[in-house]
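> quick one, structure for this:
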Amino acid sequence: MPSTRTRRGASRGAPMLRLRIGFVLIAMVLSFFGARLVQLQGVDPGSYAAMAAAEGAVRVPLVAERGDILDRNGIPLADSIKGKVVFADPSLTAEHAPEIARILSDRLSIDYFKTLTALRGRKEGSRYEYVARRVPSTLATDTVDELEEDGYRGIGLDDDPIRDYPAGDVAANLIGYMGTDEPLGGFERTFDKQLAGTDGEATWQSNSRRSIRIPLRDSTITEPHDGAPLRTTID
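Have a look, this model is predicted:
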């Protein structure tokens, strides 16, 4: 039979072994967190700062203004007047989407159900959704002001020029016309590359409580380049 001293030694050894294993595990966990801290703060802080800044960032298109179509005397046959795009931040509009959609559809004469979908977000996590394009500036501004007075947040405006034809139907078969997002005939279509210009883009951080845009520090704006005018021989 084992002696009493041997049994006592074995009983003391088991807790000591478990204690040593526990210390080793704790040391491994602390080493992992220490290495991660060094990586975040010392090795590559820039990339992680960029990732943090991009979290929740909103990319907003900046629309280029289309070039004018002029007659031989430089008088516009087609030009662009001030308009607005109405957009929504679904993180702020989803809760009251039915009420906001009703006001927008009434004021802007747009489809209620499509507006409701935009206000709730067409994609999960979306922070920027088109609600209406090429809305006259005064109408768009008055509508957003009304929503804010009623206590609704998350509806904003950006520039979105409206194509206008000052001479009405004069030479309409030659000049052509614009659809919602593309030219549909005439000079508008033939010389689209010259007239269209290049859209830009801005990246913003949004204050989710007040819908305030905060430009990111680095590379926040790519400026749009407006289209070039087209001068014709039409008298």
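
> C-alpha only now, for contacts and for neighbours.
OK.

> helices of the chain, residue ranges please.
Ranges of helices in the chain, per DSSP state H, are 4-38, 45-54, 90-93, 97-108, 112-120, 137-149, 172-175, 186-190, 192-196.

> so for residue 84, which of the ones you listed sits nearest?
Proximity to residue 84 (CA to CA) singles out helix 137-149 among those, at 5.4 Å.

> got a list of contacts for the closest one?
Contact with helix 137-149 is made by 82-86, 100, 103-104, 107-108, 153, 155-157, as judged by CA atoms under 8 Å, 6 or more residues apart in numbering.

> and the buried ones among those residues, selectable in ChimeraX?
Buried members of the contacts of helix 137-149 can be picked out in ChimeraX with the line below, counting by 16 or more other CA atoms under 10 Å:
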select :82,83,84,85,86,100,103,104,108,153,155,156,157
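
> ok, the contacts of helix 137-149 vs residue 18, which is closest?
Scanning the contacts of helix 137-149 for proximity to residue 18, where the rule is CA to CA, the winner is residue 153, at 58.5 Å.

> redo the helices of the chain as CSV? Include mean pLDDT and distance to residue 161.
Putting the helices of the chain into CSV (pLDDT from 0 to 100; distance: least, CA to CA, whole Å) gives the following:
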stretch, mean pLDDT, distance to residue 161
helix 4-38, 67, 49
helix 45-54, 48, 29
helix 90-93, 92, 24
helix 97-108, 96, 16
helix 112-120, 96, 21
helix 137-149, 95, 9
helix 172-175, 92, 18
helix 186-190, 95, 15
helix 192-196, 95, 12
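
> reformat those helices as CSV; add distance to residue 72.
Formatted as CSV, the helices of the chain follow (distance: least, CA to CA, whole Å):
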stretch, distance to residue 72
helix 4-38, 68
helix 45-54, 49
helix 90-93, 48
helix 97-108, 37
helix 112-120, 43
helix 137-149, 30
helix 172-175, 13
helix 186-190, 15
helix 192-196, 17
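
> which one of those helices lies nearest to residue 235?
Proximity to residue 235 (CA to CA) singles out helix 172-175 among the helices of the chain, at 12.7 Å.
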